[in-house]
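In: pasting a predicted model and its sequence here:
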Amino acid sequence: HDHEVPPGATRVVITLQAENGGTRVILRHYDLPDGAQRDHHRKGWDFYLERLSARIRGEDPGPDPNT
């Protein structure tokens, strides 16, 4: 649980766009504090979007190390 960014303090907008026979996912995370928290969340989104991408390709991303 992240006490510096309490639940409901930020907003995530996901946009799906058709592109080259596939779908582009655009994710924007608003209202994050600058600095370490922004970097922490960027790394988290990169990690979980890569896991989602692997699943879409039919691969098994393995167990989630964060659970």
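Out: Received it, and whenever you're ready, just let me know what you need. Model, not experiment: these values are computed from the prediction.
In: nearest the geometric middle of the chain, what residue?
Out: residue 45 (2.6 Å; C-alpha atoms, centre = their mean).
In: and what about that one, helix, strand or coil?
Out: Secondary structure, DSSP: H, G, I helix; E, B strand; the rest coil: residue 45 is helix.
In: now do residue 53
Out: Counting by three-state DSSP, the backbone at residue 53 sits in helix.
In: kindly provide the distance from it to residue 59.
Out: Noted for residue 53: a distance of 9 Å to residue 59, by C-beta to C-beta, to the nearest Å. To be clear about C-beta, it is placed using only N, CA and C from the backbone, and glycine gets the same treatment.
In: do the same with residue 49
Out: 14 Å.
In: can you pull out the helices in this protein?
Out: With DSSP state H as the criterion, the chain has helices at 36-56.
In: any stretches of this structure with poor pLDDT?
Out: 1-3 (pLDDT under 70).
In: hmm, back to that, ok, for the residue nearest to the centre of the chain, nearest residue in space, not its chain neighbours?
Out: Counting by C-beta to C-beta, 6 or more residues apart in numbering, the nearest residue to residue 45 once its immediate chain neighbours are dropped is residue 27, at 6.1 Å.
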